[in-house]
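J.: Sequence below, structure please.
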Amino acid sequence: MNYPHVSIVILNWNGWKDTLECLESVYKIKYPNYNIILLDNASNDESLEKIKGYLKGKIKVNSPFFDYSENKPIKFKEYLKHEIESMKDEHYMNKELILIENDKNYGFTEGNNIGIRYALDILNSGYILLLNNDTVVDNCFLNELVKVAEDDSQIGFVGPKVYYYDYKGRKDIINFAGGKQNLWKFKPSHIGYKKIDKGQYDTNKEVDYIHGCCLLARARMLRDIGLLDKEYVSYREENDWAIRGYISGWKSVYAFKSKMWHKIGGSTNRNTNLFVDYLETKNRFLFVKKYSNNLQTLSFLLYFFVFDFWIISAIDLIYFKNLRRYKSFLNATKDGIKILRA
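T.: Coordinates of the predicted model:
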């Protein structure tokens with residue numbers, strides 16, 4: 001097996017506890033050729049202090065998935081964002097961590113793009129792995145992703161089998177085994193969602209998209225189709241990336257032997273974070289605007305306003321009894337209509 005260089009891009013914002021557990025799991029993987037690019041999106045907690053403390057071996061990590069390793073200190077280099085913008089070349093040791101401190105919160109898309117540009121322009125990586133900070137990975141997960149990608153030069157994106165970190169005390173409940181999406185109603189769905197893993201999804205297969213929590217992207221493809229669209233800020237950006245890749249002839253493939261566990265919104269409370277709720281709705285309209293024809297757009301609008309609008313309204317007002325969440329949904333819908341009209 002070939003071991004092309006992989007840059008693992010991890011974005012932190014006020015989530016140092018999750019980030020340390022993620023890092024500890026990554027530093028146990030068997031893949032031999034990688035660097036970690038850890039970006040802090042202008043956290044206003046003690047994230048930077050805690051991350052540096054962990055790298056220096058001053059903070060131990062507890063996890064139900066592994067025992068703490070005494071492989072510290074971990075070599076790292078630290079930069080401010082403006083310092084890397086003029087950088088043309090830099091030498092790094094294998095597995096060294098690059099810590100980049102952003103001057104503001106750039107959101108998920110542009111925050112990751114900063115790390116992706118660094119991986120492409122400075123590290124000249126063969127692959128870039130986007131990895132959410134609220135995840136824990138199997139020690140062979142990256143070997144399996146790269147192995148699948150290397151088998152077919154037209155595979156642009158590869159993703160693992162994603163389990164819930166803790167689903168009612170179980171760790172064998174699937175959250176994602178590949179994704180489906182269409183342009184007629186654009187309501188992406190997870191294959192295997194909330195199913196007990198009994199081996200029923202143990203086949204590598206081409207899918208519509210890969211979950212953004214753990215996504216291996218071929219560098220050659222990214223130079224072709226571009227980086228994440230920062231207009232999304234967060235949510236649905238991986239769907240946009242996948243369809244851009246598909247239009248340009250690149251495949252998205254689910255690799256079942258690669259495994260990881262996701263806390264699902266570890267840095268946000270999905271019930272109370274109004275901005276998350278807003279983006280999830282508004283970005284559906286943005287996606288449809290970019291990729292649907294007139295008939296598909298009409299189909300989406302009919303589906304949305306006949307079904308989704310009333311179901312989501314009932315959930316916000318009756319189930320959650322959350323008027324602010326409902327108003328955020330209305331604002332997102334209004335802004336979505338403006339996007340379609342533009």
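J.: Mind listing residues that contact stretch 295-310?
T.: Leu183, Trp184, Lys185, Phe186, Lys187, Arg284, Val288, Lys289, Ser292, Thr333, Leu340 (CB atoms under 8 Å, 6 or more residues apart in numbering). From N, CA and C alone the C-beta is placed, and that goes for glycine too.
J.: can you list these in TSV and add neighbour count and pLDDT?
T.: Shown next, in TSV, are these (neighbours: other CB atoms under 10 Å; pLDDT from 0 to 100):
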residue	neighbour count	pLDDT
Leu183	16	89
Trp184	15	94
Lys185	19	92
Phe186	23	93
Lys187	14	89
Arg284	24	97
Val288	23	97
Lys289	15	97
Ser292	20	96
Thr333	21	98
Leu340	14	97
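J.: Dump the residues you listed into JSON lines; add secondary structure and distance to Lys60 as well.
T.: As requested, these are exported to JSON lines (DSSP: H, G, I helix; E, B strand; the rest coil; distance: CB to CB, whole Å):
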{"residue": "Leu183", "secondary structure": "coil", "distance to Lys60": "48"}
{"residue": "Trp184", "secondary structure": "coil", "distance to Lys60": "51"}
{"residue": "Lys185", "secondary structure": "coil", "distance to Lys60": "48"}
{"residue": "Phe186", "secondary structure": "coil", "distance to Lys60": "44"}
{"residue": "Lys187", "secondary structure": "coil", "distance to Lys60": "43"}
{"residue": "Arg284", "secondary structure": "helix", "distance to Lys60": "42"}
{"residue": "Val288", "secondary structure": "helix", "distance to Lys60": "47"}
{"residue": "Lys289", "secondary structure": "helix", "distance to Lys60": "48"}
{"residue": "Ser292", "secondary structure": "coil", "distance to Lys60": "50"}
{"residue": "Thr333", "secondary structure": "helix", "distance to Lys60": "47"}
{"residue": "Leu340", "secondary structure": "helix", "distance to Lys60": "51"}
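J.: Which pLDDT value belongs to the residue lying closest to Asn94 once chain neighbours are set aside?
T.: Excluding its sequence neighbours, the residue lying closest to Asn94 (CB to CB, 6 or more residues apart in numbering) is Asn33, at 6.4 Å. Note on Asn33: pLDDT of 98.
J.: just Ser267 next, same as before
T.: Predicted confidence (pLDDT) for Ser267: 46.
J.: again with Arg270
T.: 45.
J.: Same question for Asp277.
T.: Asp277 is given a pLDDT of 89.
J.: residues contacting Asp277?
T.: Asp277 touches Arg270, Arg325, Ser328, Phe329, Ala332, counting by CB under 8 Å, 6+ apart.
J.: Of all pairs in those, which one is the farthest apart?
T.: Greatest spatial distance in these: Arg270 and Ala332, 14.7 Å, computed using CB to CB.
J.: These two: which is more packed in?
T.: More neighbours surround Ala332 than the other of Arg270 and Ala332, with 22 against 10 (other CB atoms under 10 Å).
J.: Can I take it that that one is in a helix?
T.: Yes. Counting by DSSP: H, G, I helix; E, B strand; the rest coil, Ala332 falls inside a helix.
J.: Quick one: residues contacting it.
T.: Residues near Ala332 by CB under 8 Å, 6+ apart: Asp277, Tyr278, Leu279, Glu280, Thr281, Lys282.
J.: How about it: what's its closest non-neighbour residue?
T.: Spatial nearest neighbour of Ala332, chain neighbours left out: Thr281 (3.7 Å); criterion: CB to CB, 6+ apart.
J.: quick one: that neighbour and Thr333 touch, right?
T.: Yes. Applying CB atoms under 8 Å, one finds Thr281 in contact with Thr333, separated by 6.1 Å.
J.: Show me where this structure has its strands.
T.: Ranges of strands in the chain, per DSSP state E, are 6-12, 34-40, 76-80, 97-101, 127-132, 135-137, 155-164, 174-176, 179-180, 189-190, 205-207, 214-218, 251-262.
J.: just to revisit the earlier point, return the distance of the residue nearest to Asn94 relative to Tyr92.
T.: Computed as CB to CB, to the nearest Å, the Asn33 to Tyr92 distance reads 12 Å.
J.: Please apply the same query to Asp151.
T.: Applying CB to CB to Asp151 and Tyr92 gives a distance of 28 Å.
J.: go on, His82?
T.: 20 Å.
J.: do Met260 as well
T.: The gap separating Met260 from Tyr92 is 25 Å, by CB to CB.
J.: neighbour count winner among these two?
T.: Shown here are Met260 and Tyr92; by other CB under 10 Å, Met260 has more neighbours (27 against 14).
J.: Nearest residue to the more buried one in space, ignoring adjacent ones along the chain?
T.: Val137 (4.4 Å).
J.: How many neighbouring residues does that neighbour have?
T.: 23.
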